[in-house]
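Student: Just need the structure, nothing else, for what follows:
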Amino acid sequence: MNVVCKYLLLLLCALSIGCKVKAQQFSTHAVKRGETLYSIARQYQVSPQELLKYNKEVDPDGTLRPNTILVIPGRAGNTVLNRPTVSDPDSTAREQVTFRTHRVRRKETLFSITQRYQVSEEEVKRYNPDLYSRPLQRGMVLRIPQFSESYREAEALEELLTTYTVQAKETRWSIAHKYGITIDSLLQLNPGLPRSTSYLAEGQELQVPRLPGSGIEKQESQVYRSYTVPPRKTLFSLSQEFGISREEIIRLNPEILERGNLQEGMKLRLPEKKADTTAVNASNYIFYEVKPKQTEFSLTRKLGIGYPELRALNPELATGLKAGMVLKLPRDRAEGLEVKNALVIDEFDLRDSIDTGNRPRLLVLFPFRLDRLDLSDPEKTQERIRNNNALKYSLGLYSGFLVALDSVADMGISVEVKTFDTQLSANRVRNLLLQEDLENLSAIVGPLEPNSIREVAARASELDVPVIAPVPINGEFPLQNIFHTYTEEAELRRRMLDYMKEQVTDQNILVISDQAHREVESEILEAFPAAELVPLREEEENISLDREAFMEALSEERENWVFLETDNYRIASSVSSILNSANTEETRVRMFTTNRGRAFDHKELSATHLANLRFTFPSVYRDVSPSSFTRRYRERFGGEPDRYAVRGFDLGMDLLLRLAYKLDLFEAADQIGATRYSGNTFNYIKKLQSGYYNTASYILMYDGLQIREIQGP
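Tutor: Coordinates of the predicted model:
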């Protein structure tokens, strides 16, 4: 397939529009004593499998604990539980409350009326305000409310919840652990929590289940242990140790009364001591979410901690290890573990962790410039594609993205995609935003223009929809829903300097930089105080290396490591040529940079010189070796993928697999560490008051005429 046919096919694909689907609605249900998974499923007209899908902490073969908060997937026609307000009881509850009239008879009391109709006195007064100021009298006509079952369930749920105020340094993980629920349950109880960040503000109020001692107790099976009474132990000291009263100890162990008092050697039945949750926060603990099919052995091996110690920190483990549990670990045990936002990150292949029940919905906005192409003239179309960088980049990205869609389809992942041509027009982007329903999208990919990205992200942020920026964007973007997929120059520089610090022993370090890179020069000198500057000679129309100063700075006894910092390809070509000529058996020279940029990709640079100097640099991209992607690309488009196509494939695979793992991309970014694909790697870190930034990169080196990875993400 020739190049023109290939791109014409892509342009037609770009016009394809996916079908619309109805948004999934959710409610919650507090388990009552005696209820089962199947009875609850029947009550809400859903299958037990659907309940298990949204409540992964539930053991399908176990008994449901009373007051467990379950997430209930909605069905068409299901009512949303709304509570009426006292100020206007009819306005929010017309479907939830019906009324009947009652004429007060002689000797009737308000209590007898409430008993007859199974309502409370407060509920009768709420709908008959006169009763607040005057007594009940014979002949009065009262409105008696009759509440629907869903209203009563909402009322019961409200009584089971309480308001919690977030303390300093607390995280979602620590609060979920404190109240014995999963992150998903916490989010369902607090739908106002933003999905675009995992941070909580001090003083923020959350809805959580009531704990014992706060009114309605969170009933669950108490775990007991056997305890042998040591010498000189008293009932008072025992009650202090286990945090229960002396009366409770005697109730659990009546033999104490039978034998007259507590005696050494007695075998007592005492409750397992509760963990102190008052100090659970990100400053002294890290947290780990138990994964499905995890065993005690695999868990302790991963976390590097013995199971007895883990159980002492997490007494709920006494009832068994279950998926979805949030376990705490002392922060000083974090060595060797990858931790993001106080959560231990698992190293796993996303391909092994997908949920085919997740169905991502994407909107793709690329400037294909169909308004400027004459598709009836293949030669003219080919010429325009070749000379238009935006079009070439868009088509390359999209071709790789289409191969990613094919790949995830083979895994059983169904994706709905709408693709639009932005025509490189800000006005067209605005019109598309007005026409499209963004509320139920999993993510928006694009556009490619920084100003349009800002506009799309601002609109999408109102709906907590993530926006994927496929290209590097500079400047301040204080929007928390943008995913910056290109690693920033400052992060690449930091990565390279950290790598160099690990490698440097006694080398002679030299720094060459142009006027535009003085700040970078300062950072290098700060990292390596013994480094020596070699000046560039800046003449009217020429900038060149001061060869005499350079030769004096070279060492014959030690290897010379030279940093070259420039975006000027003429400087890069000239300096690399001089360094190569100085690189002999007697004087060894290597060249480095903290940011390769376009200067080192220019055709004027000699690849042989770079190879001789073992040129080393950080990069967001590595060369692609033959793989299933390249084979699939050849089959579909009849040619080799360029760098843009590789980027589109990797970006698409990472996005689609994260969404197949968890439809909430913000949560997926918090819970997943570094990922790597054909030529690109991703590891998103949330910045305060800003979006998610990719921090992953490679350290690459010229090895002969090949570029080899010498340090991965």
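
Student: Now for Pro73, how many residues are close by?
Tutor: Neighbourhood size, Pro73 [other Cβ atoms under 10 Å]: 17. All C-beta spots, glycine's among them, are computed from the backbone N, C-alpha and C.

Student: Counting neighbours, what do you get for the residue lying closest to it once chain neighbours are set aside?
Tutor: Once flanking residues are discounted, Pro73 sits nearest to Glu50: 5.3 Å by Cβ to Cβ, 6 or more residues apart in numbering. When neighbours are counted by other Cβ under 10 Å, Glu50 registers 15.

Student: List the contacts of Leu579.
Tutor: With contact taken as Cβ atoms under 8 Å, 6 or more residues apart in numbering, Leu579 is in contact with Val562, Leu564, Val589, Met591, His609, Leu613.

Student: In contact with the fourth one: list those residues for me.
Tutor: So that's Met591. Shown in contact with Met591 (Cβ under 8 Å, 6+ apart): Val562, Leu564, Ser576, Leu579, Leu610, Leu613, Arg614, Phe615, Thr616.

Student: Could you list which of the residues you listed belong to strands?
Tutor: Secondary structure from DSSP state E places Val562, Leu564, Thr616 of those in strands.

Student: isn't the first one right up against Leu510?
Tutor: Yes: when contacts are counted by Cβ atoms under 8 Å, Val562 is listed as touching Leu510 (4.7 Å).

Student: quick one: common contacting residues for the two?
Tutor: In contact with both Val562 and Leu510: Val534, using Cβ under 8 Å, 6+ apart.

Student: the more surrounded of these two?
Tutor: Between Val562 and Leu510, counting by other Cβ under 10 Å, Val562 is the more crowded of the two (27 against 21).

Student: Name whatever forms a beta bridge with the more buried one.
Tutor: Beta bridges link Val562 to Leu510, Met591, judged by DSSP bridges.

Student: who's in contact with it?
Tutor: With contact set as Cβ under 8 Å, 6+ apart, Val562 has these partners: Ile509, Leu510, Val511, Ile512, Val534, Leu579, Val589, Arg590, Met591, Phe592.

Student: and the third one, how many residues sit next to it?
Tutor: The burial count assigned to Val511 is 22, neighbours taken as other Cβ under 10 Å.

Student: Quick check: buried residues in stretch 29-44?
Tutor: His29, Ala30, Val31, Glu35, Leu37, Ile40, Ala41, Tyr44 (16 or more other Cβ atoms under 10 Å).

Student: Now do it, average pLDDT.
Tutor: What stretch 29-44 shows for mean pLDDT is 75.

Student: In three-state terms, label the residue nearest to Pro73 for me.
Tutor: helix (DSSP: H, G, I helix; E, B strand; the rest coil).

Student: I figured it hits Val58, correct?
Tutor: No: in this structure Glu50 lies outside contact range of Val58 using Cβ under 8 Å: 11.8 Å.

Student: For the stretch 401-550 of the chain, just list every one of the helices.
Tutor: Using DSSP state H, counting those that start in this stretch, the helices of the stretch 401-550 of the chain run over residues 426-435, 450-461, 489-503, 518-527, 547-553.

Student: give me the number of residues near Glu557?
Tutor: 7.

Student: what helix or strand does it sit in?
Tutor: If you go by DSSP states H and E, Glu557 is not part of any helix or strand.

Student: Identify each buried residue in the helix or strand hosting His177, please.
Tutor: In this structure, His177 sits in helix 172-178 according to DSSP H and E. Using 16+ other Cβ under 10 Å as the burial criterion, the residues of helix 172-178 that qualify are Arg172, Trp173, Ser174, Ile175, Ala176, His177, Lys178.

Student: Which residues are in contact with the closest residue to Asn680 other than its chain neighbours?
Tutor: Of all residues not flanking Asn680 in the chain, Asp650 sits nearest, at 3.9 Å (Cβ to Cβ, 6+ apart). If a contact means Cβ under 8 Å, 6+ apart, then Asp650 has Gly400, Ala404, Tyr677, Ser678, Gly679, Asn680, Phe682 as its contacts.

Student: distance from the centroid: which residue in this structure tops it?
Tutor: Here the chain reaches farthest from its C-alpha mean at Arg106, the gap being 65.6 Å by Cα atoms, centre = their mean.

Student: Next, work out how far apart that residue and Met140 are.
Tutor: 12 Å (Cβ to Cβ, to the nearest Å).

Student: Brilliant, that's me finished.
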